[in-house]
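prediction below, plus the sequence it came from.
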Amino acid sequence: MTKQVSGSPFLKPFFMKTPVRVVSPRQQRRHTLPASEFRNLTVQDAISVFEIEREAFVSVSGECPLTLDEVLNFLGQCPELSLGWFEEGQLVAFIIGSGWDKERLSQEAMTQHVSDSPSVHIHVLSVHRHCRQQGKGSILLWRYLQYLRCVPGLRRALLICEDFLVPFYVKAGFKEKGASEISISNMQFREMEYTVGGQAYARRNSGC
């Protein structure tokens with residue numbers, strides 16, 4: 001599953017509403033980047049991804065969900081299972097996933113990508129420190145889940161999270177599958193599952 005998905009309306013630039021104002025042609029030439037854009041990540045984004053991830057997680061848990069080498073690995077193998085939110089060309093939030101082919105997540109799922117699998121393992125969702133408490137995590141997750149409808153053969157999304165994050169994912173449509181067998185630095189997790197539905201809707205409205 002290395003071919004990037006095209007034709008999805010969820011990856012087209014999404015422009016934030018701003019007051020209408022008249023600008024000079026010189027000002028227009030200066031501002032050529034979209035105000036807000038969602039797209040798949042590439043290996044060129046890896047450093048920005050890791051910097052945001054490191055700041056968000058190391059101060060809390062002492063460890064990153066993904067090392068820089070793992071970020072590079074997943075963005076090289078399955079960029080179509082990632083999604084970044086860019087504002088004025090700068091990464092402000094992202095999700096990285098990989099393919100998985102078993103019913104439950106195991107320790108091996110933390111570092112492996114299984115091609116052409118029916119499940120995506122969401123490794124990490126992170127927001128830049130200057131953009132938190134603005135609802136960006138919820139918006140990005142919603143966009144990502146809608147985008148997954150256009151990935152051929154994909155049927156569900158899996159992730160692990162700490163107890164305090166369970167309500168966040170339940171609100172997004174995930175269901176709790178119980179305690180995860182995965183542990184990191186003696187931290188315990190809950191496993192969550194989201195069923196990727198609406199295939200007919202996606203085909204009718206996006207030409208996927």
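In hand now; what should we look at?

pLDDT value on the residue nearest the centre of the chain, please?
Centroid check for the chain by CA atoms, centre = their mean gives residue 95 as the closest residue, at 2.0 Å. Per-residue pLDDT puts residue 95 at 98.

distance of it from residue 172?
12 Å (CB to CB, to the nearest Å). Every residue, glycine included, has its C-beta placed from N, CA and C.

who touches both of the two?
Common contact partners of residue 95 and residue 172 (CB atoms under 8 Å, 6 or more residues apart in numbering): residue 141.

which parts of this structure are strands?
37-39, 82-87, 90-100, 119-127, 156-161, 175-184, 187-195 (DSSP state E).

JSON lines please, covering those and showing distance to residue 66.
Listed next are the strands of the chain as JSON lines, based on distance: least, CB to CB, whole Å:
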{"stretch": "strand 37-39", "distance to residue 66": "19"}
{"stretch": "strand 82-87", "distance to residue 66": "11"}
{"stretch": "strand 90-100", "distance to residue 66": "7"}
{"stretch": "strand 119-127", "distance to residue 66": "6"}
{"stretch": "strand 156-161", "distance to residue 66": "13"}
{"stretch": "strand 175-184", "distance to residue 66": "11"}
{"stretch": "strand 187-195", "distance to residue 66": "15"}
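
so which of these is nearest residue 48?
Nearest to residue 48 among those is strand 90-100 (4.4 Å), distances taken as CB to CB.

please enumerate the helices of the protein.
Assigned by DSSP state H, the helices in the chain fall at 25-30, 46-61, 68-77, 136-148, 166-171, 199-206.

rank these by pLDDT, which is bottom?
Looking over the helices of the chain, mean pLDDT reaches its minimum on helix 199-206, with a mean of 40.

quick one, what contacts residue 145?
157, 172, 173, 194, 196 are the contacts of residue 145 under CB under 8 Å, 6+ apart.
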